[in-house]
Structure formats: C-alpha cells, structure tokens
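**Student:** Quick one, structure for this:
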Amino acid sequence: MKSSLLLIASFLILFSTNIQAQNEEVIPKKDELIVESNTTERDFIDPLTPARAAFYSAILPGLGQAYNKKYWKIPLIYAALGTGIYFYIDNSNEYNRYRDIYKRRLAGFTDDEFQGISDEAIIRAQKALSKNREISLLITVGIYALNIIDANVDAHLLQYNVDENLAIRPHFKMNELDATTNLGLTLNFNF
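**Tutor:** Residues are numbered from 1 along each chain as shown. Model prediction:
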C-alpha cells in the first residue's frame, strides 16, 4: 500500500511540472513590414500568466492566488491543507497507539487500557486507522493539486475581455393581458 501511495505521489509531482523551452528573438529583416497595433494595457494578454500562477502555487500553496490577486482564497487553502494534515497526524498517532497495545499483548502484558477488548477488535481498529490515514493523505494531496489548478484557471479567466460592450442581463417583464411575468436573459452587443 505504501508503494502505491509513493507511486501516486511521484506521478502527481512528475506531471504537475511545466517545462518551458527558450525561444530565439525574431529580428525583422529590412524588407519586412512592421505593424504596430493600438492595444491598451487591458487588451494585452500574457500567455505565460497561467503557467506562472500554477508554478507559484506549486512552490508554495496560495502564492498563485496571491499572484492572481485573489487573496481571500489563501486562508481557505491553508485551512483545507491544515485539516487534511491534522487528520493524517491524528490517525497516525491512534494507529501507533493501537499497534503498541497489540505488541504489548503479544509480549504477554495485560495491563493496557483496553482490557475488555479482544485482540481481533484491536487488529480491526488498526486496519481502519491505517485506511483513514491513507485517505487523509490522499485528500491532502488532492487539495494541493486543486490549489495549483485553481491558480491556473483563475489566471486564464482574468485574461477574458469583460466590458460594457458585451453584457448578459436578466430580463423581467410583466404581461399586462393576463398579469403573468415573463423572465429571460438578454444578450447585448454594442459596437
């Protein structure tokens, strides 16, 4: 089971990295025509912004959200990661406690805190706690991966053009003939 967790963790780490190649700067020739566009700072799209945000979140959880200026998500990320780590540590400590009690029973001691409980029940508790520990680890790794995905998606969505020339507004109109309401959405294009 540990080897499968190690395999999953190494798979996630291996495929969460982004490899970039260097591009040579293109220098225009004398005969080429250079056209400059009238783009404003709002129209500028940096294609590396999502990769940069994901990289920052992979380095330190929440750093990609700070790069995207979504500061309110940082406490949520750390609360989720902290909860997963807390349950992993708690299940691990309980597992070790039950394991030590079972080892003491095998050694012949009968003065443990679970004197009325059978050895089979202690073995079942160890298996359940081991399973819960592994699930806690898997959930924590999943939250870490979601942190990276969230930073990447937010960086992509920040580059969409959303202005007053393109709008979807709710439409509410009262029908005067039968006193019913008509609901809908209107899509407006302004040129």
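**Student:** Name the spans of the chain whose pLDDT lies under the cut-off.
**Tutor:** Counting by pLDDT under 70, the chain contains low-confidence ranges at 1-44, 161-169, 186-191.
**Student:** The same query, at a cut-off of 80, please.
**Tutor:** For the chain, the stretches with pLDDT under 80 are 1-48, 110, 112, 114, 159-176, 179, 181-191.
**Student:** Who are the packing partners of the longest helix belonging to the chain?
**Tutor:** If you go by DSSP state H, the chain has its longest helix at helix 119-157. Judged by 3 or more CB pairs under 8 Å, 6 or more residues apart in numbering; DSSP states H and E, the packing partners of helix 119-157 are helix 2-15, helix 49-59, helix 63-67, helix 73-106. Every residue, glycine included, has its C-beta placed from N, CA and C.
**Student:** helix, strand or coil for residue 178?
**Tutor:** coil (DSSP: H, G, I helix; E, B strand; the rest coil).
**Student:** hang on, I meant residue 185
**Tutor:** Classified using three-state DSSP, residue 185 is strand.
**Student:** related to what we said a few turns ago, which of the residues in the longest helix of the chain are buried?
**Tutor:** Residues of helix 119-157 classed as buried by neighbour count (16 or more other CB atoms under 10 Å): 122, 125-126, 129-130, 132-134, 136-137, 139-141, 143-144, 147-148, 150-152, 154-155.
**Student:** and if you look at stretch 86-105?
**Tutor:** So, applying 16+ other CB under 10 Å, buried residues of stretch 86-105: 87-88, 91-92, 94-95, 97-99, 101-102.
**Student:** For residue 181, see how far away residue 174 is.
**Tutor:** 6 Å (CB to CB, to the nearest Å).
**Student:** repeat for residue 94
**Tutor:** 58 Å.
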